[in-house]
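S.K.: here is a sequence with its predicted model. Questions after.
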Amino acid sequence: MLTFVQVLDFIGTFAFAISGIRLASAKQFDWFGAYVVGLATAIGGGTIRDVLLDVTPGWMTDPIYLICTGLALFWVIAFGKYLIHMHNTFFLFDSIGLALFTVVGVGKSIALGYPFWVAIIMGSITGAAGGVLRDVFINEIPLIFRKEIYAMACVVGGLAYWICDLFGLEAFICQIIGGSTVFLARILAVKYSICLPILKGEQR
Amino acid sequence: MLTFVQVLDFIGTFAFAISGIRLASAKQFDWFGAYVVGLATAIGGGTIRDVLLDVTPGWMTDPIYLICTGLALFWVIAFGKYLIHMHNTFFLFDSIGLALFTVVGVGKSIALGYPFWVAIIMGSITGAAGGVLRDVFINEIPLIFRKEIYAMACVVGGLAYWICDLFGLEAFICQIIGGSTVFLARILAVKYSICLPILKGEQR
Amino acid sequence: MLTFVQVLDFIGTFAFAISGIRLASAKQFDWFGAYVVGLATAIGGGTIRDVLLDVTPGWMTDPIYLICTGLALFWVIAFGKYLIHMHNTFFLFDSIGLALFTVVGVGKSIALGYPFWVAIIMGSITGAAGGVLRDVFINEIPLIFRKEIYAMACVVGGLAYWICDLFGLEAFICQIIGGSTVFLARILAVKYSICLPILKGEQR
């Protein structure tokens, strides 16, 4: 039987893969290229985290992520032209994925005995590095470095997780609060167009 | 004494390095930059595979790959202007490298106890990820995402390897058939201009 | 109490982070993006080295690199417009960082039992790969592949380290001479505009 977390994981993976596949389609990638970019978006963050933590990347132990990315590719091939009308749905799914992936990354690092400041970085890498890899593959400047609160939502959620832990709350509660914080930070930032200042250095 | 596989490995490494060095030369890289791009093309796939499999990258145990890339750089410096007439030879060498690297990647993963679906991905990474790294370094969209059957040949060859294994054939036979399938798939795809459909999503 | 090496490490990290943050600011990155690019420039080389050597990346054991990058970001935000007048200072700091990081990379590899040719590559990766990562993130062709002696200074310093070791000198002396060689090679190359030949292949 599927657990609630597995359902969220599936939704998040699907949404991340869709985001990669859509950007690949805008660059005229073939089906294979789109699949790889979708996969990198979905599992790239977790893979970089697991390489840094020196554990076996999650997708190498369960083919669900490959299958889920395959379904996302099929979805874009079959329903691509309707996707634009589902913008809000996918924004929601993507935010769910961001929240879950962050919490999974923080939790995994804590379980391996790393301090919280490492865990928050690992949570942010899990949530946001897949999108960086996607943008490198399609040869664009990573979106998350220039626009919108995205990885910052992971950092804020990770901090919320930490604070809950400092107050002695149970791991389960910490995860719920941490994940909700990521989700809300992301939603509110987009709704109210909250963004970080642009860095202005010397003129060039 | 050199084994047959070592000769193939040398040919493949040389061809991959040449491909990286030539593209670097088109972008006005200096000798050092061209060497690094050639090396990344030749050993990048195997290195990413070995990092994911958590074993020491092959090139760190034997300097032959560095030497081979050095010879490739010397070759391009000395005979660069004749290279264009040797297009067919290098296409052949490149296909030999692709076939061998795929089989080595699949075999290594199986030997480490991974299931076949992981091994096929590792074989494809071994064969094709070096070219992706090359294209990231020269700041182009990875060629294999947009044109020609390349990594798909690795996947098809990996599947052939798997099927042979399911029929209980010896590892050696599986490798010969798997590698030949990669080689033929690549040659036929180019000869008959077989390619995957381009993904068309929504208009932008 | 801070040791002399720690002071050099801090100076080098700060200079590397500044270099990443300045290039990010020229591309209109936000504060978060600039921080990530600065961090990648400062710790990227060491992280890639440690992943290849299969040890825990240094920055995951000590938050000093994160703090140092934060100070660099603050510095650029507060004093950005004066930075251009401090060009020579930062060139000096950057060269100190390059020298120290190379020596640390060589020493760490030797201590893990790798042969010197691997150690020299690891030293060069430690010194120069962060800058490659920076340039990939800002979507430019890596500077070190096209201009100036940079990674070559690491290679030359690594060779000097090796030669000292062959003569049976103490590790400490090897490190001083290796580091000084990197530093001088870099300074002299810029002062006298020494660079490697550009690779010219076939016309395209």
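M.R.: Sure thing, it's come through. Numbering: from 1, shown residues only, chains lettered A, B, ... in the order given.

S.K.: which residue, other than its chain neighbours, is closest to the closest residue to chain B within chain A?
M.R.: Nearest residue of chain A to chain B (C-beta to the nearest C-beta) works out as residue A:33 at 2.7 Å. C-beta: built from backbone N, CA, C; applies to glycine. Among residues not flanking residue A:33 along the chain, residue B:145 sits closest, at 2.7 Å (C-beta to C-beta, 6 or more residues apart in numbering or on different chains).

S.K.: now swap in residue A:177 and tell me
M.R.: residue A:164 (5.1 Å).

S.K.: right, and that neighbour touches residue A:174 too?
M.R.: Yes - Residue A:164 is within contact range of residue A:174, at 4.1 Å (criterion: C-beta atoms under 8 Å).

S.K.: out of the two, which sits in the more crowded spot?
M.R.: More neighbours surround residue A:174 than the other of residue A:164 and residue A:174, with 23 against 19 (other C-beta atoms under 10 Å in any protein chain shown).

S.K.: make sure that one is indeed in a helix.
M.R.: Yes - applying DSSP: H, G, I helix; E, B strand; the rest coil, one finds residue A:174 inside a helix.

S.K.: per-residue pLDDT, it?
M.R.: The score at residue A:174 is 93. That number is its pLDDT.

S.K.: what's near enough to touch it?
M.R.: By C-beta atoms under 8 Å, 6 or more residues apart in numbering or on different chains, residue A:174 lies in contact with A:161, A:164-165.

S.K.: so for the residue nearest to the spatial centre of chain A, what's the pLDDT?
M.R.: Central residue of chain A (C-alpha atoms, centre = their mean): residue A:127, 3.2 Å from the mean position. pLDDT, residue A:127: 93.

S.K.: now the one helix or strand residue A:78 maps to: buried residues?
M.R.: Assigned by DSSP states H and E, residue A:78 belongs to helix A:64-79. Applying a neighbour-count criterion of 16 or more other C-beta atoms under 10 Å in any protein chain shown, one finds A:65-66, A:68-69, A:72-73, A:75-77 buried in helix A:64-79.

S.K.: now do residue A:188 against residue A:180, distance only.
M.R.: Applying C-beta to C-beta, to the nearest Å, the value for residue A:188 to residue A:180 is 12 Å.

S.K.: again, but for residue A:73
M.R.: Residue A:73 sits 31 Å away from residue A:180 when distances are taken as C-beta to C-beta.

S.K.: which positions in chain A make contact with chain B?
M.R.: Contact residues (C-beta under 8 Å from any C-beta of the partner chain) of chain A with chain B: A:21-22, A:24-34, A:36-37, A:47, A:51, A:54, A:56-57, A:60, A:63, A:66, A:73, A:76-77, A:80-81, A:83-84, A:136-139.

S.K.: so how far is stretch A:27-42 off the chain centroid?
M.R.: Mean C-alpha position of stretch A:27-42 versus that of the full chain (C-alpha atoms, centre = their mean, to the nearest Å) differs by 16 Å.

S.K.: just the CA coordinates for that stretch, please, in PDB.
M.R.: What follows is stretch A:27-42, C-alpha atoms only, in PDB (Å, rounded to 0.1, in the frame of the first residue of the first chain):
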ATOM      1  CA  LYS A  27      14.600  24.000 -27.000                       C
ATOM      2  CA  GLN A  28      13.600  21.400 -29.600                       C
ATOM      3  CA  PHE A  29      15.100  18.500 -27.700                       C
ATOM      4  CA  ASP A  30      14.200  15.000 -29.000                       C
ATOM      5  CA  TRP A  31      12.300  12.600 -26.800                       C
ATOM      6  CA  PHE A  32      15.400  11.100 -25.300                       C
ATOM      7  CA  GLY A  33      17.000  14.500 -24.500                       C
ATOM      8  CA  ALA A  34      13.700  15.600 -22.900                       C
ATOM      9  CA  TYR A  35      13.600  12.400 -20.800                       C
ATOM     10  CA  VAL A  36      17.100  13.000 -19.600                       C
ATOM     11  CA  VAL A  37      16.500  16.600 -18.700                       C
ATOM     12  CA  GLY A  38      13.300  15.600 -16.900                       C
ATOM     13  CA  LEU A  39      15.100  12.900 -15.000                       C
ATOM     14  CA  ALA A  40      17.900  15.300 -14.100                       C
ATOM     15  CA  THR A  41      15.400  17.800 -12.800                       C
ATOM     16  CA  ALA A  42      13.600  15.200 -10.700                       C
END
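
S.K.: what sits up against that stretch?
M.R.: A:13, A:16-21, A:23-25, A:65-66, A:68-70, A:72-73, A:76-77, A:130-131, A:133-134, A:137-139, B:141-142, B:144-147, B:151-152, B:195-199.

S.K.: so who does the residue in chain A that chain C sits nearest to touch?
M.R.: Here chain A gets closest to chain C at one residue, residue A:145, 2.7 Å apart by C-beta to the nearest C-beta. The neighbourhood of residue A:145, defined by C-beta under 8 Å, 6+ apart, consists of A:132, C:24, C:29-30, C:32-34, C:36-37, C:137.

S.K.: so for it, what's the pLDDT?
M.R.: pLDDT, read off for residue A:145, is 85.

S.K.: state the distance from the residue nearest to the centre of chain A to residue A:44.
M.R.: For residue A:127 relative to residue A:44 (C-beta to C-beta), the value is 11 Å.

S.K.: and if you look at residue A:110?
M.R.: 22 Å.

S.K.: neighbour-wise, which of the two wins?
M.R.: Using other C-beta under 10 Å as the criterion, residue A:110 and residue A:44 rank with residue A:44 on top: 26 against 20.

S.K.: secondary structure element for the more buried one?
M.R.: helix A:31-53.

S.K.: that older thread, drop anything exposed from the residues of chain A next to chain B.
M.R.: In the residues of chain A next to chain B, burial by neighbour count holds for A:21-22, A:24-25, A:27, A:29-34, A:36-37, A:47, A:51, A:57, A:60, A:66, A:73, A:76-77, A:80, A:83, A:136-138, counting by 16+ other C-beta under 10 Å.

S.K.: what helix or strand does the residue nearest to residue A:177 sit in?
M.R.: Residue-wise, residue A:164 maps onto helix A:151-166 under DSSP H and E.

S.K.: which other residues reach that helix?
M.R.: A:98-99, A:102-103, A:106, A:110, A:116, A:119-120, A:123-124, A:126-128, A:144, A:171, A:173-175, A:177-183, A:185-186, A:189, A:196, C:32, C:36.

S.K.: the same query, at a cut-off of 7 Å, please.
M.R.: A:98-99, A:102-103, A:106, A:116, A:119-120, A:123-124, A:127-128, A:144, A:173-175, A:177-179, A:181-182, A:185-186, A:189, A:196, C:32 (C-beta atoms under 7 Å, 6 or more residues apart in numbering or on different chains).

S.K.: helices - which of those land there?
M.R.: A:98-99, A:102-103, A:106, A:116, A:119-120, A:123-124, A:127-128, A:173-175, A:177-179, A:181-182, A:185-186, A:189, C:32 (DSSP state H).

S.K.: so how do I select the buried members of those residues in PyMOL?
M.R.: Selecting the buried subset of the ones in helices among the contacts of helix A:151-166 in PyMOL, with 16+ other C-beta under 10 Å as the burial test, is done by:
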select buried, (chain A and resi 98+99+102+103+106+116+119+120+123+124+127+128+174+175+177+178+179+181+182+185+186+189) or (chain C and resi 32)
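
S.K.: how about low-confidence regions in chain A?
M.R.: Counting by pLDDT under 70, chain A shows low-confidence ranges at A:1-2, A:201-204.

S.K.: around chain C, pick out the residues from it.
M.R.: Proximity of chain A to chain C (C-beta under 7 Å from any C-beta of the partner chain) is limited to residues A:51-52, A:54, A:114, A:117-118, A:136, A:139-142, A:145-146, A:151-152, A:195-202, A:204.

S.K.: re earlier: what residues does the helix holding residue A:78 touch?
M.R.: Taking C-beta under 7 Å, 6+ apart as the rule, helix A:64-79 contacts A:10, A:13-14, A:17-18, A:21-22, A:25, A:31, A:34-35, A:38-39, A:42-43, A:59, A:83, B:199, B:201.

S.K.: repeat the analysis, applying 6 Å as the threshold.
M.R.: A:10, A:13-14, A:17-18, A:21, A:35, A:38-39, A:42-43, A:59, B:201 (C-beta atoms under 6 Å, 6 or more residues apart in numbering or on different chains).
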